[in-house]
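Visitor: could you work out the structure for the sequence below:
(chains A and B)
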There are 2 protein chains.
Amino acid sequence: MAKNKKKLKVIPLGGIQEIGKNITVFEYGEDIIVVDCGMTFPDDEMLGIDLVIPDVSYLIKNREKIRGIVLTHGHEDHIGALPYVLKEINVPVYGTKLTLGLLKNKLEEHELLSSVKLETVKHGDTVELGVFRVEFIRSNHSIADTSALAIYTPVGIVVHTGDFKIDYTPIEGEPMDLARLAELGRKGVLLLMSDSTNVEHEGYTMSERTVGSTFDEIFMKATGRILVATFASNVHRIQQIINAAVKFNRKVAMCGRSMINVCNVAMELGYMNVPEGVLVDIDNIGKYNPEHLVIITTGTQGEPMSALSRIAASEHKKVEIIPGDLVIISASSIPGNERLISRVINELFKKGADVIYEALADIHVSGHACKEELKLIQKLVQPKFFMPVHGEYRHLKQHGNLARQLGKSPDEIFIMENGKVLELTADSAKINGSVTAGNVLVDGLGIGDVGNIVLRDRKHLSQDGLIVVVITFASETGSVIAGPDIISRGFVYVRESEDLMDEMKEVAKAALQKCEEKKKNDWASKKSVIKETLRDFIYEKTKRKPMILPIIMEV
Amino acid sequence: MAKNKKKLKVIPLGGIQEIGKNITVFEYGEDIIVVDCGMTFPDDEMLGIDLVIPDVSYLIKNREKIRGIVLTHGHEDHIGALPYVLKEINVPVYGTKLTLGLLKNKLEEHELLSSVKLETVKHGDTVELGVFRVEFIRSNHSIADTSALAIYTPVGIVVHTGDFKIDYTPIEGEPMDLARLAELGRKGVLLLMSDSTNVEHEGYTMSERTVGSTFDEIFMKATGRILVATFASNVHRIQQIINAAVKFNRKVAMCGRSMINVCNVAMELGYMNVPEGVLVDIDNIGKYNPEHLVIITTGTQGEPMSALSRIAASEHKKVEIIPGDLVIISASSIPGNERLISRVINELFKKGADVIYEALADIHVSGHACKEELKLIQKLVQPKFFMPVHGEYRHLKQHGNLARQLGKSPDEIFIMENGKVLELTADSAKINGSVTAGNVLVDGLGIGDVGNIVLRDRKHLSQDGLIVVVITFASETGSVIAGPDIISRGFVYVRESEDLMDEMKEVAKAALQKCEEKKKNDWASKKSVIKETLRDFIYEKTKRKPMILPIIMEV
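Guide: Prediction:
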């Protein structure tokens, strides 16, 4: 009787109205499972932040209910927060071989490998987690061994696509298991959660294989060294580069820490097939003629510390651009990175390389389904309810519109927010309440110790710099015995602004005078009068608003 | 005799290996003319900077030689630095009516209008400037009244395309004067300088008129208010929005300071044709039914202070999004602005608007020529020498490659740097030396007072914040009488890090102790020991590197 009253709760803690940081909680009675646990990169306002992970207070509070974490694939935005979250809630993690292979690397770096239970699954496998059963369904994406999930719950089946595309001619293995999705659709699916990333794009995403043909054409014509930058985790892309290298009699060297790490894992686990003698060490590339060499490197996003950026800036220890090199940037730019990438391309051209990038040739395809694929999935799965996931608000909204075009009514479509709770029974769904969700900022070793005030100060300091005013008072007499001294950083070039500095001292003195006249002799008043007076003076003089930091010492 | 030895010097002071800040010097003997004088926006490293103008020290040094400044069109990247530069070198400025109309607005803001001589020209006009003669040739671009230039010099003709596209069906006036360019080509052109912005794009740029058809289709279907965001200076685009409004019986209100300014200038000068009674004041939009209203606004790049951003954030005083509004963002994103634009689009969707942007419909065309147009110009003008301009290195390089494909040899193509001098005689050209060129940063009222040290400090402060260590010594005894006190900003949230703060004090004390033991009692040594010790301690504890500012007071 009581059981009938229980509802399935689906709670996204990340990945909704944002790209990245994907994590969803499924809760029924005393059981919780978590799907994915990703990180994201800081936005432009999060100055100095290294990465962003989800706030999992809700999971920590319900620690004893959690039966496991289920992973769809091994990208950072799906597994990157695990080293942080597993420190708080140590539960078994389920995923395919490559997914866990990549996770192991991360856990090792965080010295967590021995303490976490990792359970490898194959496509078609089902695992029991409390009242839940989770089936791993073969899927395609820009990383191998990707799964969609069918989650069997007491109120019905939830299908979660994870990140996906439909590739009828994948590099390795089979296309997404559409037959299984259709079968589930016939059985009856309660809720479909589907990837919204590419909903703005008409038609179909091209097969990964098309990139291979472009590589073949380019490699055929190339007469010097070839450097290809791509995402380290795109094992199939790397396989195709290796295939082209073999075809045109070139050795392959790997460059960039993550490239080497991921390729080692992929080769060990059998996801990459490299003929004997093709791989050479990056230290030995000098031994080969340019026309017999391919270097595969990280750095497609122009990240300043990446191998490609350092090569372009002539700061890489092992690889230097030589005129006649051909550089292929086999990726598209993630929004926000355009200028960094452009800088790298310009540098490479200047060093005498020829550079091929997405604007110039078909050297990249997306890993996400476009509109027609999204329609196909909806029609195969035929869910009662629909929740677009993995996207900014605009993507979710348009994915919702797509569902409406396919016949869903508005009350069957749920555009969520992180932390909102979708409650489902076998025949109903509604948003009911919310739990804590949000961003936890990681900065150096600090996890969550940088909040809004710190970020606001960093932003302020970054715009107009800092003025420190130091004054020492005699505690007995209350009179100034040293200062006011003015120290500035990031404001103006001081040597050329000595007059301004002197004027500021006078202004600070006058402010103190004013305090005395008005008998405002406590520190707080003095500080705030100095601050306001200087702020107005400086704005009047320069139209700038540096941070003003009055420091009072008493001796 | 002496005259024969003189050479034409072409010296770009901006616009080469960068987008924006276009300015080129032409010098022959005792005469100089300047083509354009634009600004650019700060890049990501120039924290807190408002805008960037060219370093014109070379012009200031040769002030008495300058016969005039010639403008190709009225965009900010071609006229935006004039208010700053004209304060240093007051010479006549030549341009078409709209170009000078827009410039007048700027000069008025800088209280310079009365002191500068502005000379209006028409297409086909020629002006004499010392030994130079400059002919203004009709051209097309994303602003009306654009000119290409033929510069007649003692050693031959230089053709400068300015920014251009070839629009066979422009909204107003005629296509680019290809016949005149062909005529010049037959006469013999020494040097062609040509716009490289779109060299990466195959084919032709679509006519501005195609956008009008899209507007018509969208307006026909729209049932609520329509808001269109576009560049204020794109007078033809605005004209087409007005045309569509008139056709579908809608009133038009203008929103955003620059939109109102530019439209006023354009209407006064006859570049915009608005039927009586169509324009309504933004204060009165409440009087019209949603289906009878169009609002034209600035803010296509998601600039935080722009009208559209404020509307999206519900912070605009006069316009509020109502569900059912249709927002059209009629522009493409300038690289680097993608995230800001995305944020605005998401906000608009959330407020219940429908949003159409470039990914979804053909609501924008570029103002720059694509590959086939660039080829056409080269073939018509048939220059002896070729200099690609207006582009990053990659664009210039590829524009050079295009010239090679068309038969130019490498020694006839000049990929320049800002400040490099191209010397030409009637039959030779070579790069010979360079002059001062670079960026002058404008920050508030300060022009050039923010340099690399200030920017480096702002960057440092933005990443990990600041630690101030204050210590007061007794000058007689040399002993510490107050402090060390620690103040931090932008580092960690202090209330949750009191232990760390206390530890830092102890570390600073220990550092002072060390100084005493080693007899390093001068201020400089004390400061540097405190700085280093604290830096190491903080990095060890937090993996962060805040700026550390030791301040020593002596009483």
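
Visitor: can you give me the domain boundaries for chain A?
Guide: Using automatic domain parsing, the domain parsing of chain A gives A:2-203+A:366-443, A:208-356, A:452-554.

Visitor: could you dump those into TSV and include mean neighbour count?
Guide: The C-beta positions use only the backbone N, C-alpha and C, and glycine is treated the same way. Listed next are the domains of chain A as TSV, based on neighbours: other Cβ atoms under 10 Å in any protein chain shown:
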stretch	mean neighbour count
domain A:2-203+A:366-443	20
domain A:208-356	19
domain A:452-554	17
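
Visitor: roughly how far is stretch A:112-127 from the heart of the chain?
Guide: 23 Å (Cα atoms, centre = their mean, to the nearest Å).

Visitor: other residues contacting it?
Guide: The contact list for stretch A:112-127, computed with Cβ atoms under 8 Å, 6 or more residues apart in numbering or on different chains, reads A:68, A:70, A:83, A:86-87, A:90-97, A:100, A:103-104, A:107, A:133-138, A:147, A:177.

Visitor: can you tell me the SS state at residue A:365?
Guide: Judged by DSSP: H, G, I helix; E, B strand; the rest coil, the three-state class of residue A:365 is coil.

Visitor: equivalent analysis for the one 4 residues further on, please.
Guide: Using three-state DSSP, the three-state assignment for residue A:369 comes out as coil.

Visitor: most proximal residue of the stretch 151-300 of chain A with respect to chain B?
Guide: residue A:200 (4.8 Å; Cβ to the nearest Cβ).

Visitor: and that residue, which helix or strand is it part of?
Guide: Using DSSP states H and E, residue A:200 falls within no helix or strand.

Visitor: residues contacting it?
Guide: A:394, A:395, A:398, B:359, B:360.

Visitor: swap the cut-off to 6 Å and go again
Guide: By Cβ atoms under 6 Å, 6 or more residues apart in numbering or on different chains, the contact set of residue A:200 is residue B:359.

Visitor: what residues does the host helix or strand of residue A:375 touch?
Guide: Using DSSP H and E, residue A:375 sits in helix A:371-381. Helix A:371-381 has contacts (Cβ under 6 Å, 6+ apart) with A:159, A:166, A:181, A:182, A:185, A:189, A:192, A:194, A:202, A:203, A:204, A:406.

Visitor: so after the host helix or strand of residue A:252, what's the next helix or strand?
Guide: Per DSSP H and E, residue A:252 falls inside strand A:251-255. Next along the chain after strand A:251-255, taking DSSP H and E as the criterion, comes helix A:257-268.

Visitor: how far is the helix or strand just after that following helix from where the chain is centred?
Guide: Moving toward the C-terminus from helix A:257-268, the next helix or strand (DSSP H and E) is strand A:279-280. Counting by Cα atoms, centre = their mean, strand A:279-280 is centred 31 Å from the centre of its parent chain.

Visitor: do me a favour and average the pLDDT over strand A:279-280.
Guide: Mean pLDDT, strand A:279-280: 96.

Visitor: residues contacting that strand, please?
Guide: Taking Cβ under 6 Å, 6+ apart as the rule, strand A:279-280 contacts A:251, A:252, A:253.

Visitor: ok, 10 Å please
Guide: A:242, A:245, A:251-254, A:263, A:267, A:287-288, A:292-296 (Cβ atoms under 10 Å, 6 or more residues apart in numbering or on different chains).

Visitor: now do the helices in the stretch 401-550 of chain A.
Guide: If DSSP state H, counting those that start in this stretch is used as the criterion, the helices of the stretch 401-550 of chain A fall at A:452-464, A:498-517, A:523-542.

Visitor: what would those helices look like in JSON lines with mean pLDDT and distance to chain B?
Guide: As requested, the helices of the stretch 401-550 of chain A are exported to JSON lines (pLDDT from 0 to 100; distance: least, Cβ to the nearest Cβ, whole Å):
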{"stretch": "helix A:452-464", "mean pLDDT": "93", "distance to chain B": "3"}
{"stretch": "helix A:498-517", "mean pLDDT": "88", "distance to chain B": "9"}
{"stretch": "helix A:523-542", "mean pLDDT": "91", "distance to chain B": "5"}
